[in-house]
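Undergrad: Mind folding the following:
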Amino acid sequence: MATDSGGDAQDTDVRAGDDDARHHHGWPGLRFLTWLPAWFRFSVVAVIVFVCAVVASRPGDDPAPVHPVGDVAAAAKALNSLTDPSPDHDPAADFPADFVSVQGTVPKTVRGPDGTLRAINPGGGCSGPAGDTAWDFSVICEAHDLGYDLLRYAEHQGQQLGPDARRRLDDRLTADMRARCDGNPRGSLAECHAVADVYTAGLVVNSWRQRWGPPRHEPAISWAVGIAAIVLLLMARMPGRRAGRRRIPAPRVATLLPAAPRPPPADAPHYDRYASFLRLVSLAVVVLGQSLLTVAYWAGVSANWLWLVTWVVQAAPVFFFAGGQANLLSWRAVQAEHGGFGRYLTERISWLLRPMLAFVLAWVVLPLPLDLLEAPSERVAALSRLIAHPLWFLGVYLGAVAATPVMAWLHRRLRFAVPLGLGGAVALVDACRVGFGWGAGGYVNVALAALVLQQLGFCYADGDLARLSRRTLAVVGALCVPALLLLTSGGGYPRNMMGTPAEPASNINPPTFCLLVLGVGQLCVAMLLRDRVSAWLAGHRQWRLVCFAKSTPITLYLAYLTVLTVVLALLGVLDGPVVTALGWLTGPRWLAVLAVLLVPALVLCHRFERRVQLFSPVEGIESHRGRLAATLGVFYGALGALGFVVTGFAGSRATLVVLPVDSLQNLVHLLLGWYLVHTARVGSCHRRLPWLLTAVACVPPLLDPAPDPLVVGLHAATICVALLAALPGRAPGGPVRPGWNRLLPPMLRLPAPTSAARSDRSATPPTQPAR
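TA: Here you go, the predicted structure:
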């Protein structure tokens, strides 16, 4: 695949490696930020990241509270005594008998400042910056801490007192602080109320962040380092000020390559418009189909016949098929320019990670105002799962892109034997998964199924499928229908090709051999329609529409979400029935608020996608550090995307295959992948800073109070690799060492410099890279 920009890059910016065009085209707002002081830019980024991190680190929803019984009922009674104290009733008498043994706290009864009896935790106190303050908030803070101990006790007993219990405790503390200020102002009533307001704000924010559930001890140090890593990654990615830059010659690199040409025009004779059309339409059909099935379930439509709809709207096989065609042609284009694996990854992945990150950041922030409006948490969670659905496509697709060089090497030698062998492996894994209860086999099939369909895309790119007669395609496609009926009725496979809330079991989660049969049938239909659709795409207006959709996929997706939320609000399927056509505008409809919030996100994302890239790629870079940065970038980008699929955007923890992940960790992974791919693209991976930032970004999981061994091993290994890459070594302009190349598979080895490049290098002394 050719690079996104052409021309010869003769010099490199010390701070970014970009040219003067960046001052005319860039991301929205960043051109203005480049003229602001560094401390101001740092403050803006830090505040934005802090807000996003607070939202992303929120725990998942606690189970719905039940009517307390036994000792938990006694705890609820004691909590009522704390929130509604009286002068003659001792709250400590209401505590459960085993409270002291469970919590290790001995309640103490004292007379409060207002004359009421209060049960307190003697070891507690105000946790604000001023402690118990000059107005002596000690007793009321200690009573509040004891109430939190009751919430923890109820959770330990297997029941929860519900979010209302914590709200009442916080309201009691706020009222007591204000009453203390009025009763003992100490000559500074306004200052006392200001301190009380600050304490209340911190209290409410912390309780909201914990979803008004039982107070929990959290890894504050790990989160602080994670937030710092996000800020540093974003600051390193932002451009520097124009006035402070200087230009130096670009360093020569290990493999000196000619500048890549611009992408071929859409009217070039070898450009396949139909494959581009399939990639776009298949992804749109899957998104629309998943929404249709979910909304139909919410609206109460019977699930008896929805499985038939899934056979039509499950177009994932077509997406990976068309993506395989593009991946193979891109790899061959890079090889034709004497490029290698690192250059291929950066050129193929960079366009995908940027809008993916923008989409994730938008949805991480959007639930914040919805929660402040007290939108139903279960409804927001259901909608967020629906919105995050396409991320698994993109995460798996990143892995398929990275596997293209190896799979292309196999395709060149074995042709149709590769997809046939992989398809047989899918069937074998299915048998082991069902027969022996091998749960991990589902994850194996995710990779195998994606590679099978990608290999068929390779065959299409080489013209092998086009040489099949229409009769053959029609017969094979027709045979897939009875094969699917046989597999779903007597073969033990689910009848759904796409998971629905009513029937979560499907042939896509995990992918099965039945899905491959459906994919073969869909590909036969696609090949039969190829000539007719290609003739339609030859029209100028039709192709301009396709090109617009290709250039702004996330913008269109946000526009679709805006329309979807308005429709859901009008129908009332998530928020109760709507009596009048405009009833959703008059009531506190959170879906209407969400639709309004999506509009500015849609506008900004449109500008974000339509702008030319702020940083120009450095042509010809191909080195071991570049390959390492690109590989790690793709790995962590895919890990972050797939992590959000299993955790959602609600802050809950989940397990991705065998790796525990959470929302904040997913955000760090996605940012790290985006940054590493960028450094490989612009050539800054030869400096120390990117590798030191990589090491810092991998530190937070190591600081978790109860770290998982696999998480520790993965991030510790990445830190070691990053520190080794940061060590001073051979200048990028030095010769390629044959010993390193022998360690790589043949299809991934660095190409040897051409004779012209060797003579040019001998005539010009190498320059050290900018530090």
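Undergrad: Hmm, Leu692 is touching Ala726, no?
TA: Yes. A contact is recorded between Leu692 and Ala726 when judged using C-beta atoms under 8 Å, the distance being 5.7 Å. C-beta coordinates here come from the backbone N, C-alpha and C atoms, glycine included.
Undergrad: count of residues packed around Pro332?
TA: Quick fix: residue 332 is Arg, not Pro. Using other C-beta atoms under 10 Å, Arg332 is surrounded by 14 other residues.
Undergrad: what helix or strand is the closest residue to it other than its chain neighbours on?
TA: Taking C-beta to C-beta, 6 or more residues apart in numbering as the measure, Arg332 lies nearest to Ala408, with 7.6 Å between them; neighbours along the chain are not counted. For Ala408, the host element (DSSP states H and E) is helix 404-414.
Undergrad: That helix: how far from the chain's middle?
TA: On the basis of C-alpha atoms, centre = their mean, to the nearest Å, the separation between the geometric centre of helix 404-414 and that of its chain is 30 Å.
Undergrad: Sort out which residues of it are buried, please.
TA: Residues 404-405, 407-408, 410-411 are the ones in helix 404-414 that count as buried (16 or more other C-beta atoms under 10 Å).
Undergrad: How about stretch 110-127?
TA: Buried residues in stretch 110-127, defined by neighbour count with 16+ other C-beta under 10 Å: 112-113, 116-121, 124-126.
Undergrad: out of those, who's nearest Gly340?
TA: For those, the closest approach to Gly340 (C-beta to C-beta) belongs to Cys126, at 60.9 Å.
Undergrad: any idea how far Leu523 is from the closest one?
TA: Spatial separation of Cys126 from Leu523 under the definition C-beta to C-beta, to the nearest Å is 67 Å.
Undergrad: does the closest residue to Pro215 other than its chain neighbours sit in a helix or strand, and which one?
TA: Counting by C-beta to C-beta, 6+ apart, the nearest residue to Pro215 once its immediate chain neighbours are dropped is Tyr148, at 4.7 Å. Following DSSP H and E, the helix or strand that holds Tyr148 is helix 138-156.
Undergrad: where does Ala336 land on pLDDT?
TA: The pLDDT attached to Ala336 in the predicted structure is 89.
Undergrad: same check, this time on Leu345
TA: 89.
Undergrad: count of neighbours near it?
TA: Burial of Leu345 is recorded as 27 neighbouring residues (other C-beta under 10 Å).
Undergrad: just checking, it touches Ala680?
TA: Yes. Counting by C-beta under 8 Å, Leu345 does reach Ala680; the two are 7.3 Å apart.
Undergrad: Can you check which residues contact both of those two?
TA: Taking C-beta atoms under 8 Å, 6 or more residues apart in numbering as the contact criterion, the common neighbours of Leu345 and Ala680 are 627, 630, 633.
Undergrad: Skipping adjacent residues, who's closest to Asn666 in space?
TA: The spatial neighbour of Asn666 that comes closest, neighbours along the chain excluded (C-beta to C-beta, 6+ apart), is Gly643 at 3.6 Å.
Undergrad: List the contacts of that neighbour.
TA: The contact partners of Gly643, taken as C-beta under 8 Å, 6+ apart, are 654, 656, 661-663, 665-666, 669.
Undergrad: And the furthest pair within these?
TA: Set against one another by C-beta to C-beta, those have their most distant pair in Ala654 and His669, with a gap of 13.8 Å.
Undergrad: Settle it for me: which of those two has more neighbours?
TA: Using other C-beta under 10 Å, the more surrounded residue of Ala654 and His669 is His669, with 25 against 17.
Undergrad: and the gap between that one and Tyr636?
TA: In terms of C-beta to C-beta, His669 sits 5 Å off from Tyr636.
Undergrad: what's the answer for Thr472, then?
TA: Taken as C-beta to C-beta, the spacing of Thr472 relative to Tyr636 amounts to 43 Å.
Undergrad: higher neighbour count, those two?
TA: Between Thr472 and Tyr636, Tyr636 has the larger neighbour count (other C-beta under 10 Å), namely 28 against 12.
Undergrad: close enough to count as contact, the more buried one and Leu676?
TA: Yes. Counting by C-beta under 8 Å, Tyr636 touches Leu676, with 7.0 Å between them.
Undergrad: dump the residue contacts of the residue nearest in space to the middle of the chain.
TA: For the chain, the residue whose C-alpha lies nearest the mean C-alpha position (C-alpha atoms, centre = their mean) is Ala641; its distance is 3.8 Å. Ala641 sits next to 356, 360, 391-392, 394-395, 398, 670 when contact means C-beta under 8 Å, 6+ apart.
Undergrad: would you turn the residues you listed into CSV with secondary structure and neighbour count?
TA: What follows is those, written out as CSV (DSSP: H, G, I helix; E, B strand; the rest coil; neighbours: other C-beta atoms under 10 Å):
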residue, secondary structure, neighbour count
Met356, helix, 24
Val360, helix, 23
Leu391, helix, 22
Trp392, helix, 18
Leu394, helix, 19
Gly395, helix, 22
Leu398, helix, 26
Leu670, helix, 25
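Undergrad: number of nearby residues for Asn184?
TA: Once other C-beta under 10 Å is used to define contacts, Asn184 is seen to have 13 neighbours.
Undergrad: Surely Thr109 is within a strand?
TA: Yes. The assignment for Thr109 (DSSP: H, G, I helix; E, B strand; the rest coil) places it in a strand.
Undergrad: what are the bridge partners for it, then?
TA: Listed beta-bridge partners, Thr109: Ala119 (assigned using DSSP bridges).
Undergrad: gap between it and Pro96?
TA: Applying C-beta to C-beta, the value for Thr109 to Pro96 is 16 Å.
Undergrad: Which one of those two is surrounded by more residues?
TA: Set side by side, Thr109 and Pro96 show unequal neighbour counts under other C-beta under 10 Å, the larger going to Pro96 at 22 against 12.
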